[in-house]
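# structure, please.
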Amino acid sequence: MNVKRGEIVELDYRENKGFRLLSLYERLSRGEIVRKAELAQKFAVTDKTIQRDIEELRAYLADTRVDEGEASIVYDRNRGGYLLTRAASEWLTNENVLAVCKILLESRAFCKEELDAILKKLLRQTAPQDRAQVRKLILSEQHYYVPLRHGKKLLSAIWELSQHMTAQHTIRISYCRQDGTERVHEVNPVAIMFSEYYFYLIAYLVDGRKEFPTIFRIDRIVRFEPTGATFRVIHGRKKFSDGEFRKRIQFMYAGDLRRVTFDYSGASVEAVLDRLPTARVISEENGVHRITAEGYGSGIDMWLRSQGDAVKVVESLS
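Numbering: from 1, shown residues only. Reported below is the predicted structural model:
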């Protein structure tokens, strides 16, 4: 076929076998019921052709699935069509999806557009017969969802920053502080974390003026780009561990590592141990627990002060 430059060509996919197979698989993956007569009419082929397409998809699933029975195309007599069935392990359960949806809604981490898209995709991971029930359970919270005031889309930035982090790229960021001033920093990114409504980039300043990492709210990063340099993930005496850092950070306030010892006389020592993952009880007398914990910066002090008279600081060592 001769096509002139700039000419728009409309292709007829109806008799294209590859397109039929992709369309059929996409419909089945969405949990739809597919009927031979409807597809035959749509693609201008015979019922036998559609039946051959279904058999080829069955063979494909049999060859590509590790465990027999993980996924198969079956005929449902009651509904008069074919559907894709999956083993229970392949679907997120009602409990899985509902719990994750509730966490996302409570976090308020995303703008409404991004949140709705994520929830929609999560619901598609449940078995088709369960979706309406799960959707009903989150409908009210989703309708009255109040996003954070910055209103920014974050998913692309989070992914791009994670790519630079994985490749160990030094990046240059323009960061808008709370007072509105914009500063430029060159940093070595080592982690991305979520806490108290916000996503954060954890990074070491390239100039080395701080031994501990600096924390940047991702929604306040105006722009970023790689500098062309790379870095090693070891800073100071040992390799950075985001898991260990997470246990020792409160309210995302960075600073030197400190050990704090305090007496707790409140009602729930369990709540203290849950809030401070590094905390351990070293003694108990007359209902007062002496607890020691490690933490970076002043975040731990902020939490201790929030407990009022239930907490008395005994010692604080850097």
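# could you give the separation of the longest strand along the chain from the chain centroid?
With secondary structure taken from DSSP state E, the chain has its longest strand at strand 182-195. From the chain centre to the centre of strand 182-195 is a distance of 18 Å (CA atoms, centre = their mean, to the nearest Å).
# other SSEs contacting that strand?
Using 3 or more CB pairs under 8 Å, 6 or more residues apart in numbering; DSSP states H and E as the contact definition, the elements that strand 182-195 packs against are helix 155-166, strand 169-176, strand 198-205, strand 214-217, helix 242-247. In short, each C-beta sits where N, CA and C put it, glycine included.
# one more time with 7 Å
Strand 182-195 sits against helix 155-166, strand 169-176, strand 198-205, helix 242-247, with contacts defined as 3 or more CB pairs under 7 Å, 6 or more residues apart in numbering; DSSP states H and E.
# what's around V222, how many residues?
The criterion is other CB atoms under 10 Å. On that basis, V222 has 12 neighbouring residues.
# pretty sure it sits against E182.
Yes. Taking contacts as CB atoms under 7 Å, V222 lies within contact range of E182: 6.4 Å.
# where do the contact lists of the two overlap?
Taking CB atoms under 7 Å, 6 or more residues apart in numbering as the contact rule, V222 and E182 both touch S174, Y175, C176.
# scan those residues and report the most crowded one.
When neighbours are taken as other CB under 10 Å, the top entry among the shared contacts of V222 and E182 is Y175 (20 neighbours).
# list the buried residues in stretch 112-129.
Residues of stretch 112-129 classed as buried: E114, L115, I118, L119, L122, L123, T126, A127 (neighbour count, 16 or more other CB atoms under 10 Å).
# select the longest helix from the chain.
If each helix of the chain is counted by residues according to DSSP state H, the longest one is helix 47-64.
# now do the buried residues in that helix.
In helix 47-64, counting by 16+ other CB under 10 Å, buried: T49, I50, D53, I54, L57, L61.
# and for stretch 170-181?
When burial is assessed from 16+ other CB under 10 Å, stretch 170-181 yields the following buried residues: T170, I171, R172, I173, Y175.
# count of neighbours near Y198?
The number of residues packed around Y198, counting by other CB under 10 Å, is 19.
# ok, for Y253, nearest residue in space, not its chain neighbours?
Once flanking residues are discounted, Y253 sits nearest to G299: 3.6 Å by CB to CB, 6 or more residues apart in numbering.
# next one: phi and psi at that neighbour?
Dihedral angles of G299 (phi, psi; degrees, to the nearest 10) stand at phi -60, psi -40.
# for it, list the residues it contacts.
By CB under 7 Å, 6+ apart, the contact list for G299 reads I249, Q250, F251, M252, Y253.
# isn't the third one right up against Y198?
No. With contact defined as CB under 7 Å, F251 and Y198 do not form a contacting pair (10.5 Å).
# circling back: pLDDT on the longest helix of the chain, on average?
Confidence over helix 47-64, taken as the mean pLDDT, stands at 87.
# centre of the chain to that helix, how far?
The mean C-alpha position of helix 47-64 is separated from the chain mean by 35 Å, CA atoms, centre = their mean.
# which of the helices and strands packed on strand 182-195 comes out lowest on mean pLDDT?
Lowest mean pLDDT within the helices and strands packed on strand 182-195: helix 242-247, at a mean of 82.
# list the buried residues of it.
Residues F245, K247 are the ones in helix 242-247 that count as buried (16+ other CB under 10 Å).
# ok, residues contacting it?
Contacts of helix 242-247 from elsewhere in the structure, counted by CB under 7 Å, 6+ apart, are V190, A191, M193, I202, P277, T278.
# could I get the residues you listed as CSV with neighbour count and distance to R86?
Written out in CSV, the entries for those read as follows (neighbours: other CB atoms under 10 Å; distance: CB to CB, whole Å):
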residue, neighbour count, distance to R86
V190, 20, 38
A191, 18, 35
M193, 16, 33
I202, 22, 38
P277, 15, 37
T278, 15, 42
